[in-house]
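Enquirer: below: sequence and its predicted model.
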Amino acid sequence: MIRLEPWSDFAERELRRVAGLDLPDIRAEVVAGVSQLWHCHDAHGHGGYVVTRVERRGDGLEWVWLACAGKGYHAFVGVFLEVAQAAALPVRVYINRRGMQRVYERLGFAVSETIMRKRWS
């Protein structure tokens, strides 16, 4: 089952596991309705959370997947891809681990940009 949910402490704990995620900004966007929080779960207790938003790019729209956290996400990513394809929405996904890059490459994604940050303590 995949459903939209309001921001919650439980979702925040799960998403906190995503290294490098700007959680305060993500939370603010979901609370403001700019981004959506999706709760994915199956009968076996697998699942997690996905945070998305739709952005205008050039003359069209793009579905941006900002964060994905949880176990068994691979079981749900196909549903998100089917929805994107049916709506003719290109997808941009943010990842922070090489392993996730390989997962998305197997799904037909290609690297389009690289972002690096330096934070001051």
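Expert: The structure has been received and is ready for your questions.
Enquirer: other SSEs contacting the helix or strand encompassing residue 30?
Expert: Using DSSP states H and E, residue 30 falls within helix 23-32. Under the contact criterion of 3 or more CB pairs under 8 Å, 6 or more residues apart in numbering; DSSP states H and E, helix 23-32 touches helix 9-15, strand 47-57, strand 60-71. C-beta here means a position set from N, CA and C on the backbone, and glycine is covered the same way.
Enquirer: just send those back as TSV, with mean neighbour count too.
Expert: Shown next, in TSV, are these (neighbours: other CB atoms under 10 Å):
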stretch	mean neighbour count
helix 9-15	15
strand 47-57	18
strand 60-71	18
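Enquirer: rebuild the ones you listed as a markdown table, extending it with distance to residue 30.
Expert: Converted to a markdown table, those look like this (distance: least, CB to CB, whole Å):
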| stretch | distance to residue 30 |
| --- | --- |
| helix 9-15 | 8 |
| strand 47-57 | 7 |
| strand 60-71 | 9 |
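Enquirer: of all those, which one comes closest to residue 81?
Expert: Closest to residue 81 of the helices and strands packed on helix 23-32, according to CB to CB: strand 60-71, at 9.9 Å.
Enquirer: distance from the chain centre to that closest one, please.
Expert: Mean C-alpha position of strand 60-71 versus that of the full chain (CA atoms, centre = their mean, to the nearest Å) differs by 3 Å.
Enquirer: OK, contacts around the nearest residue to residue 89 once chain neighbours are set aside?
Expert: Of all residues not flanking residue 89 in the chain, residue 63 sits nearest, at 4.4 Å (CB to CB, 6 or more residues apart in numbering). For residue 63, the contact set (CB atoms under 8 Å, 6 or more residues apart in numbering) comprises 52, 53, 54, 84, 87, 89, 90, 91, 92.
Enquirer: residue 51 now?
Expert: Counting by CB under 8 Å, 6+ apart, residue 51 makes contact with 15, 26, 29, 30, 35, 36, 37, 38, 65, 66, 67, 68.
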